[in-house]
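Chemist: this one's structure only:
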């Protein structure tokens, strides 16, 4: 019997295969050429071994080649996925680190140049232009020549912008040398950093959960990319017809826009702080709150700032409790209101009781209907007739109370944040914020729907304005198809808070001694009220500065945020600084009141109230 052994090396694993032949039977793996030869013979064995050696070389080369090809090609589809693959190969010693890095680097740079070439070719090939060039590419192309390095660096960290931006570079004839140099340098800095992070975290996870570490890492990076895209999103816009975009850039709101100073189109941008998802934005503030709570030995100490208000007015309190706390001598500054509690046993009588309460208090349509326990404008709606009132009450949660308030026809709205330290005779206005309702400006050619799509701020909350979000009714379909006159200001939401895309401007320059005196008098008429925000409607800025011609529509406690921080002209750092200063002030007031014998809300009740309120808010009728 003859024996031939052949060694193979496949993916670093040595395999030994033994082949046996016999004169009197078939060999185990193949047949003898003839019984007379007894086996393959020396020439057959030599030929077989030669083929085996060639197979060994081809196996190794093809395996390495496929990996290199994957690292070169994947960046064209998804850079993060390519980097994760590279990290996997390095951690598991499947390829030398230098080959992985060079392959990835080549793929990333090649994909950049391919997109640049796509944009350049689109200038000469019609079908390519239709495929690659849209309004976003054209807008990018008009501003690219100033800072190519900054653009390439930005696109490395902002998902969803590489295609548009790099195609625009080619389309706009940005210098190929400058673009190539930027791509080479930025990629050389970005790739090692990302690859190091992937290797470090991937290796640590691989030791714990094995092969599942790498899909998990990809999901984590995908989630991070999604968050980055939300923060820095370059969103599509519906372009006005016939070059009207240039016209809109120059349009400022009329001088009588909501009774407040006019805004240019640039003023209506979405601030960087507003783009950050709330779940991410408030993390530093939660950490700062915990730090202050540990420092002052109470996580809920600010609730003692307004000891007569439930949770100090953070959440769960009723709006009417503030109104009733204002003394009758100062209550004329508050818009008239009545309360209606839904009757679970006799819901049909709710309308009759509401009409009776309205008649007794001299209130007529239009009215503002809102929950007594409110949150971010949920459930707030204008009521113009009995049918609308019946519909609202029928959809309001049973056994809960709603507020029917006189509609204040003043065009402008502001928020006055007030604070008074315990023991001080007088308080002061911490901030004054001018609140512009969500709106678009007509150009005489486009519909309201198209204007919503072309305005950055309106598009930011377009799901609400177009009625996609079930918690908001949106603009009436007839109004969406209307074409406003040039310069006409079209209000697209009743509520003016951030949830609906309201624009906030820092108005502290309009704070006067008369205004401060007026609100200090109102606040001191309330029981142990040391901190809160007054939301009001007013006629003109001049009238507000004189502390006249306004009506308070809502009062908030410690949950009243310093909303001037959302002014689009303020940076993220300043926004955080103002909110952190607000937290410091709340703990300072709480400390003073604790020393006077007032106790903060228990942590368990504080948290439970938040969950109850969130559950209740989901049951409210859609806002408008």
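Modeler: That came in fine, so what should we check first? Just so you know, these numbers come straight off a predicted model, no measurement behind them. Numbers count the residues shown, from 1 in each chain.
Chemist: where does the residue nearest the centre of the chain fall, phi/psi-wise?
Modeler: What sits nearest the mean C-alpha location of the chain, by CA atoms, centre = their mean, is residue 277, with 3.1 Å. The phi/psi pair for residue 277 (degrees, to the nearest 10) reads phi -60, psi 140.
Chemist: now the one 3 residues further on
Modeler: Per-residue torsions, residue 280: phi -90, psi -40 (degrees, to the nearest 10).
Chemist: please report how far the residue nearest to the centre of the chain lies from residue 479.
Modeler: Residue 277 sits 30 Å away from residue 479, going by CB to CB, to the nearest Å. C-betas here are computed from N, CA, C, even on glycine.
Chemist: same thing with residue 459?
Modeler: Relative to residue 479, and taking CB to CB, residue 459 is found at 17 Å.
Chemist: which one of these two is surrounded by more residues?
Modeler: More crowded of residue 459 and residue 479, by other CB atoms under 10 Å: residue 459, with 21 against 14.
Chemist: find the nearest non-adjacent residue to the more buried one, please.
Modeler: residue 453 (5.7 Å; CB to CB, 6 or more residues apart in numbering).
Chemist: distance of that neighbour relative to residue 443?
Modeler: Residue 453 is 13 Å from residue 443, by CB to CB.
Chemist: for the residue nearest to residue 459, identify the helix or strand it belongs to.
Modeler: helix 448-454 (DSSP states H and E).
Chemist: quick one: mean pLDDT over that helix.
Modeler: Average pLDDT, helix 448-454: 91.
Chemist: ok, stretch 589-597 next?
Modeler: 97.
Chemist: buried stuff in that stretch?
Modeler: 589, 590, 591, 592, 593, 594 (16 or more other CB atoms under 10 Å).
Chemist: so which of the residues you listed comes closest to residue 485?
Modeler: Ranked by distance to residue 485 (CB to CB), the buried residues of stretch 589-597 are led by residue 589 at 49.5 Å.
Chemist: just checking, residue 539 touches residue 408?
Modeler: No. Assessed by CB atoms under 8 Å, residue 539 is found out of contact with residue 408, at 9.8 Å.
Chemist: helix or strand: which one has residue 403?
Modeler: With DSSP H and E as the test, residue 403 turns up in strand 401-406.
Chemist: quick one: name whatever helix or strand follows that strand.
Modeler: Assigned by DSSP H and E, the successor of strand 401-406 is strand 412-419.
Chemist: what packs against that following strand?
Modeler: Packing contacts for strand 412-419, counted by 3 or more CB pairs under 8 Å, 6 or more residues apart in numbering; DSSP states H and E, involve strand 428-436, helix 513-524, strand 531-538, helix 541-545.
Chemist: most tightly surrounded among these?
Modeler: Neighbour counts (mean count of other CB atoms under 10 Å) averaged over each of these peak at strand 531-538, with a mean of 24.
Chemist: touching that strand from outside, list them.
Modeler: Outside strand 531-538, the residues within contact range by CB atoms under 8 Å, 6 or more residues apart in numbering are 259, 305-306, 312-313, 322, 335, 408, 410-420, 435, 519, 522-523, 544, 549-558, 560-561, 563, 585-586, 589.
Chemist: make a PyMOL selection of the buried ones in the residues you listed.
Modeler: In PyMOL, this line selects whichever of the contacts of strand 531-538 come out buried by 16+ other CB under 10 Å:
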select buried, resi 259+305+306+312+313+322+335+408+410+411+412+413+414+415+416+417+418+419+420+435+519+522+523+544+550+551+552+553+554+555+556+557+558+560+561+563+585+586+589
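Chemist: does residue 353 really touch residue 340, like I thought?
Modeler: Yes. Taking contacts as CB under 8 Å, residue 353 lies within contact range of residue 340: 6.3 Å.
Chemist: more neighbours: the two, which one.
Modeler: Set residue 353 next to residue 340 and count neighbours by other CB under 10 Å: residue 340 wins out with 23 against 16.
Chemist: give me the pLDDT value at the closest residue to the more buried one other than its chain neighbours.
Modeler: With sequence-adjacent residues excluded and distances taken as CB to CB, 6+ apart, residue 340 is closest to residue 354, at 4.6 Å. On pLDDT, residue 354 comes in at 95.
Chemist: ok, back up a step: could you check the pLDDT of the residue nearest to the centre of the chain?
Modeler: Value listed for residue 277 in the pLDDT field: 83.
Chemist: ok, now residue 107?
Modeler: Reported pLDDT for residue 107: 89.
Chemist: surely it is within a strand?
Modeler: No. Looking at residue 107 with DSSP: H, G, I helix; E, B strand; the rest coil, it is helix, so not inside a strand.
Chemist: what about it, how many neighbours?
Modeler: Residue 107 - counted by other CB under 10 Å - has 24 other residues nearby.
Chemist: shaky segments in the stretch 301-450 of the chain?
Modeler: Under the criterion pLDDT under 70, the flagged ranges of the stretch 301-450 of the chain are 344, 347.
Chemist: if we go to 90?
Modeler: Counting by pLDDT under 90, the ranges of the stretch 301-450 of the chain that qualify are 343-349, 411, 441, 443.
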